[in-house]
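Student: With the sequence up front, the predicted model follows.
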Amino acid sequence: MSFTTKLGDDFLRVPKLVADGSNWVIYKDRLQWSANARGLLGHVNGKKPKPVNPAEGKDASWTPTADEKKLIDSFPKDLEEWETRDAVVKQQIAGTLPDSLFIRIRALNTASEIWTLLSNEFENRSRIVTVEL
């Protein structure tokens, strides 16, 4: 079964994170759901790490196998695709942050690093109070 649809901006819109993190619980879920709807959740939670060059660290005497050669040949394309997808997630996060938080995350390299910083900052900080009537 296949499912295709054009996901519009309104469908994937995430509210801004308040600078004090008071809406972190809701923001976190909405951002993750939006990334998941785009197939990019792995860039948020770190389960889709940056591809590593299969030839990296090999000495001059190394002769790649046929399978390794395929990985080496596909590496530039795989890296470019990963970088593009990670940039989309970084922009989604950046577009939902106030300037005071953006300044803190702007030098980080990956969406996962950004998400980790934000999670460490706001996890267990916001409170939702429920009252049973």
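Tutor: Happy to help now that I have it. As the structure is a computational prediction, the values presented were derived from the model and not from experiment. Numbering: from 1, shown residues only.

Student: packing partners for the helix or strand hosting Asp67?
Tutor: When secondary structure is defined by DSSP states H and E, Asp67 falls within helix 66-94. Using 3 or more C-beta pairs under 8 Å, 6 or more residues apart in numbering; DSSP states H and E as the contact criterion, the secondary-structure elements in contact with helix 66-94 are helix 24-37, helix 41-45, helix 99-105, helix 111-122. C-beta coordinates here come from the backbone N, C-alpha and C atoms, glycine included.

Student: If you compare the directions of it and helix 24-37, what angle comes out?
Tutor: Counting by axes from the mean of the first three to the mean of the last three C-alpha atoms, to 10 degrees, helix 66-94 lies at 140 degrees to helix 24-37.

Student: these two touch, right, Asn53 and Phe75?
Tutor: Yes: taking contact to mean C-beta atoms under 8 Å, the distance of 5.5 Å between Asn53 and Phe75 places them in contact.

Student: that older thread, next, the buried residues of the helix holding Asp67.
Tutor: By 16 or more other C-beta atoms under 10 Å, the buried positions in helix 66-94 come out as Leu71, Phe75, Asp78, Trp82, Arg85, Asp86, Val89, Lys90, Gln92, Ile93.
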